[in-house]
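# quick one: sequence plus predicted model below, questions after.
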Amino acid sequence: EVQLVESGGGSVQAGGSLRLSCATSGFAFEDYSIAWFRQAPGKEREGVACISNIDRRSDYADSAKGRFTISSDFAMNTVYLQMNGLKPEDTAVYYCNYIATITQIYWGQGTQVTVSS
């Protein structure tokens with residue numbers, strides 16, 4: 001059974017940092033890309049960052065560039081999202097995502113990030 005479990009969310013003040021974790025199981029972690037998405041109240045879910053566990057390449061939304069870093073721990077089958085310089089507009093529920101095939105798309109349950117000004 002494929003599982004993605006996010007953790008590490010919380011409440012911080014603007015300028016603070018958080019590290020989100022996405023612990024995965026049930027699939028060949030090293031063969032796929034993992035992505036982080038977020039959804040703020042009243043807004044559509046948007047991509048934040050992704051990483052390929054095959055070639056280690058990563059990509060970021062413009063809003064995340066220079067502040068967020070995505071990384072993979074192959075011993076723990078876990079993807080991290082280090083978020084620095086947090087802003088109130090980063091407030092959202094953050095989800096990790098794994099796409100096995102076009103009809104097999106998996107999401108975690110999400111973790112809340114709240115940034116106060």
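Arrived safely, thanks for sending.

# give the bridge partners for the residue most central in space within the chain, please.
Closest to where the C-alpha atoms of the chain average out (Cα atoms, centre = their mean) is Trp36, at 2.8 Å. With DSSP bridges as the criterion, Trp36 is bridged to Ala49, Cys96.

# could I get the contacting residues of it?
20, 22, 47-50, 70, 79, 81, 94-97 (Cβ atoms under 8 Å, 6 or more residues apart in numbering). In short, each C-beta sits where N, CA and C put it, glycine included.

# over to Thr78?
If a contact means Cβ under 8 Å, 6+ apart, then Thr78 has 21-24, 72 as its contacts.

# could you tell me the end-to-end distance of stretch 53-70?
11 Å (Cα to Cα, to the nearest Å).

# from the contacts of Thr78, which ones fall inside strands?
Applying DSSP state E to the contacts of Thr78, the entries found in strands are 21-24, 72.

# buried ones among those?
Among those, the ones that count as buried by 16 or more other Cβ atoms under 10 Å are 21-24, 72.

# can you put those residues in JSON lines and add pLDDT?
Output for these, formatted as JSON lines (pLDDT from 0 to 100):
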{"residue": "Ser21", "pLDDT": "98"}
{"residue": "Cys22", "pLDDT": "98"}
{"residue": "Ala23", "pLDDT": "98"}
{"residue": "Thr24", "pLDDT": "98"}
{"residue": "Ser72", "pLDDT": "97"}
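
# drop anything exposed from the contacts of Trp36.
Buried, going by 16+ other Cβ under 10 Å: 20, 22, 48-50, 70, 79, 81, 94-97, out of the contacts of Trp36.

# now the strands for this structure?
Taking DSSP E as the criterion, the chain carries its strands at 3-7, 10-13, 18-25, 33-39, 46-52, 58-60, 68-73, 78-83, 92-101, 104-107, 111-116.
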